[in-house]
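1. Any chance you could fold what I've pasted below:
(one chain, ligands or ions: 1)
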Amino acid sequence: MKRMLALLAGLVLILAMAAGCSSAPEAASDSAEPSQAADAASETPAAEDSAAESPASEESAASDAQGEVLKRIIGNGKLIVLTNAQFPPYEYMGSDGTPVGVDMDIAQAIADQIGVELEITDMEFDSLIPALVSGKGDIVAAGMTVDEERKQAVDFSDTYADAKQMIIVPVEGATVASEEDLAGKTIGVQLGTTGDLYVSDNVEGADVKQYKSALEAALDLKNGRLDAVVIDLLPAENIAASNEDLVLIDMASTDEQYAIAIEKNNEDLVEIINGVIAQLTEDGTIADSTAVHVEASRVSA
Ligand code: GLN
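-> Here you go, the predicted model:
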């Protein structure tokens, strides 16, 4: 335990010095936030203190191995989070064109814990895991459901939210009134999401139309091109809240949990993230952030 902390502290200092005297490598990113590697590097001694207090460190005796990703984050002086800012309240575009939301608050807390800046890269949902495993970012925070297939490619942190799928239908002239009615219908989903997988795998004879976002699917639903849209609970509620002509049907058979995705073999980073999630769950920050962003994303919708 002590040895791990000493190693981590030493690494932080070495990398901070390295970042200070050479220019930190620029990660490929189209983030709106400029990199501030130099500033972050000069602040990194703080990471020493906070790491020592981190609840994550308590459990970290098991792994002295230092993963490449934490080294890269410290070396670059920034944590690059990959997301898809079309999933309110977890991530949506803020008024200044930078993604905000529950996941961005969690990502910011992780960056603070490590002692680096946060940089956000927005991309399509189904590009997130390929981008993570090819090193285009350090973590994925995107309301991503833990599932067995994704676990083949990436590791997940502890979970921080429960979710399920919802069916969105028009108030007038709906052809779907229950989960069973989905069979044989034209159903809109967001490409590569668990809603997409669920409908494609479980709904008999469904004509599945894949969209870049649930909102685009909802527009086609309003235009009569779809019978229903299947998407996660809070994004579905967000859409229904700003569209009086749409209503929700519960899909009780689904049960999902969200977590942060990390490239495999980065136990040290996973432990830091789990410590942050435990802290933010315990002190009510995630619940507060969710309530704030449910409201804020409705106003901006
Ligand atoms: N929770 C769903 C999934 O993991 C949808 C996530 C999203 O669209 N951001 O597939």
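2. how about stretch 261-281: buried residues?
-> 261-263, 266-281 (16 or more other Cβ atoms under 10 Å). Quick note: C-beta positions are derived from backbone N, CA and C, even for glycine.
3. Among these, which are located in strands?
-> With strands taken from DSSP state E, the overlap with those comprises 261-263.
4. With distance to residue 289 as new columns, can the residues you listed be given to me in JSON lines?
-> Formatted as JSON lines, those follow (distance: Cβ to Cβ, whole Å):
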{"residue": "261", "distance to residue 289": "19"}
{"residue": "262", "distance to residue 289": "21"}
{"residue": "263", "distance to residue 289": "25"}
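5. Return the member of those residues nearest to residue 297.
-> Nearest to residue 297 among these: residue 261, at 22.2 Å, using Cβ to Cβ.
6. Which pLDDT does the model give that closest one?
-> With respect to pLDDT, residue 261 scores 98.
7. Is the closest residue to it other than its chain neighbours bridged to anything, and to what?
-> Once flanking residues are discounted, residue 261 sits nearest to residue 140: 4.0 Å by Cβ to Cβ, 6 or more residues apart in numbering. Under DSSP bridges, the beta-bridge partners of residue 140 are residue 82, residue 261.
8. Surely residue 133 touches residue 150?
-> No: using Cβ atoms under 8 Å, residue 133 makes no contact with residue 150, being 10.8 Å away.
9. contacts for the single longest strand found in the chain?
-> Taking DSSP E as the criterion, the chain has its longest strand at strand 154-163. Outside of strand 154-163, the residues within contact range by Cβ atoms under 8 Å, 6 or more residues apart in numbering are 90, 102, 106, 129, 132-133, 140, 143-146, 150, 232-234, 255-264, 266, 270, 273-274, 277-278, 280-281, 286, 290.
10. now with 7 Å?
-> 106, 129, 132-133, 145-146, 232-233, 256-264, 270, 273-274, 277, 281, 286 (Cβ atoms under 7 Å, 6 or more residues apart in numbering).
11. swap in stretch 123-131?
-> By Cβ under 7 Å, 6+ apart, the surrounding residues in contact with stretch 123-131 are 82, 84, 137, 140, 142, 150, 153-154, 190-193, 212, 261.
12. more neighbours, residue 133 and residue 150?
-> Each of residue 133 and residue 150 has its neighbours counted (other Cβ atoms under 10 Å); residue 150 has more, 18 against 14.
13. could you say which helix or strand contains that one?
-> Remark: residue 150 resides in helix 148-153, with elements defined by DSSP states H and E.
14. how many other residues sit next to residue 257?
-> 15.
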